[in-house]
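[1] take this sequence and fold it.
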Amino acid sequence: QSVAGHQGTATGVRVINKRTRRETLIRGRFAFLCASALESTRILLNSKIKGESPALGRYLMDHVSGRTGVSMLGYFKSADQRDTFSERPPQYFHVLHPNFTTYVYLHEQRFGVTLFHIYSLGEMLPRRQNRVRLDPKRSDHYGIPTLTIDAKFSSHERTLEREIAQVTRRIATSLIGGKQGGKIVTASRGLAPLGLNCHEAGTCRMGNDPATSVVDGGNQHHVYRNLFVTDGSSFPRQGAANPTLTMMALTSRASDLVCGSNKFTQL
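    Presented below is the predicted three-dimensional model:
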């Protein structure tokens, strides 16, 4: 539900029992908030922390991809026409670009047919006007205010999507070229809606200035110094790769900092 605190220190977290609907305060020396980008931010917004950064809830990002989530599907044929399935697992490789990453998956089938699936993730730039805030008229099942989202793509993302489409078609054409047969079955056009990739990031971004960031470079909250926010909400930029490993690395680093630092032992 929210983070409890007193005089610049987080004292615990408030939770609601799903069965009894009773609110409980769970106390602790440190608090780690890693509830996913939008949920972590919703918890902090509901906490109403005095002196909280005005950047909280802002700079929402999501990856750029095709409208259906699939950039291109197709197949090609090889000389091997045996009526057996290949024992090799699906293969994949990455095509790296400064602004996006393209993933190419190859799935061998029967009769020498290989299906290919090409999918790209591009970087959406952080902009202050892309934000989430508490909805004053709508709450969830437990009476906790939900979020309203106000965000949209810019000309940067629209240009990037067109570039991704061109690169994707060139890769598909090269896979088909020279084979005995092949075809592009589907090709998406236009930007996918925000949120389709489930790669939401930002809204609790890291930085040195509390006026433009919520946590510092070690994921430590600017106001509650024993609170760490380590999920995708802390990303100042999203990059063009799957964000999961970065979230795990940030959490691991912050945990090591808490466990091994004399400064935190004194806290």
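[2] mind jotting down where the helices sit in this structure?
    37-47, 155-176, 244-260, 262-266 (DSSP state H).
[3] which among those is found nearest to H63?
    Closest approach to H63 among these (C-beta to C-beta): helix 155-176, 9.7 Å. Quick note: C-beta positions are derived from backbone N, CA and C, even for glycine.
[4] what packs against the closest one?
    Helix 155-176 sits against strand 72-77, strand 100-108, strand 113-122, strand 182-187, with contacts defined as 3 or more C-beta pairs under 8 Å, 6 or more residues apart in numbering; DSSP states H and E.
[5] buried deepest among the helices of the chain, which one?
    Ranked by average neighbour count under the criterion mean count of other C-beta atoms under 10 Å, the helices of the chain are headed by helix 37-47 at a mean of 22.
[6] compute the inter-axis angle for it and helix 244-260.
    Orientation note: helix 37-47 sits at an angle of 50 degrees relative to helix 244-260 (axes from the mean of the first three to the mean of the last three C-alpha atoms, to 10 degrees).
[7] take the helices and strands packed on helix 155-176 and write them to TSV, including distance to T230.
    Shown next, in TSV, are the helices and strands packed on helix 155-176 (distance: least, C-beta to C-beta, whole Å):
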stretch	distance to T230
strand 72-77	35
strand 100-108	23
strand 113-122	21
strand 182-187	37
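[8] for P210, give me its contacts.
    Going by C-beta atoms under 8 Å, 6 or more residues apart in numbering, P210 touches S53, H222, V223.
[9] any idea how far A165 is from it?
    Going from P210 to A165 by C-beta to C-beta, to the nearest Å gives 40 Å.
[10] can you check V64 too?
    From V64 to A165 the distance is 11 Å (C-beta to C-beta).
[11] reformat the helices of the chain as a markdown table; add mean pLDDT and distance to P126.
    Shown next, in a markdown table, are the helices of the chain (pLDDT from 0 to 100; distance: least, C-beta to C-beta, whole Å):
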| stretch | mean pLDDT | distance to P126 |
| --- | --- | --- |
| helix 37-47 | 96 | 12 |
| helix 155-176 | 86 | 11 |
| helix 244-260 | 92 | 15 |
| helix 262-266 | 55 | 29 |
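[12] to Y142, which of those helices lies closest?
    Comparing the helices of the chain under C-beta to C-beta, the one sitting nearest is helix 37-47, at 11.2 Å.
[13] just the CA coordinates for the closest one, please, in PDB.
    Taking Å, rounded to 0.1, in the frame of the first residue of the first chain, the C-alpha atoms of helix 37-47 are listed here in PDB:
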ATOM      1  CA  ALA A  37       7.900   0.200 -12.600                       C
ATOM      2  CA  LEU A  38       4.300   1.500 -12.200                       C
ATOM      3  CA  GLU A  39       3.500  -0.300  -9.000                       C
ATOM      4  CA  SER A  40       6.600   0.900  -7.200                       C
ATOM      5  CA  THR A  41       5.700   4.400  -8.200                       C
ATOM      6  CA  ARG A  42       2.100   4.000  -7.200                       C
ATOM      7  CA  ILE A  43       3.300   2.900  -3.700                       C
ATOM      8  CA  LEU A  44       5.500   5.900  -3.400                       C
ATOM      9  CA  LEU A  45       2.800   8.300  -4.600                       C
ATOM     10  CA  ASN A  46       0.400   6.800  -2.000                       C
ATOM     11  CA  SER A  47       3.100   7.200   0.700                       C
END
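[14] which residue is nearest the centroid of the protein?
    H199 (2.6 Å; C-alpha atoms, centre = their mean).
[15] ok, it - contacts?
    Contact analysis of H199 by C-beta under 8 Å, 6+ apart lists D62, H63, L121, G232, Q238, N242, P243.
[16] identify the residues contacting stretch 237-255?
    32, 34, 61-63, 97, 99-101, 121-126, 199, 201-202, 218-220, 228, 230-232, 234-235.
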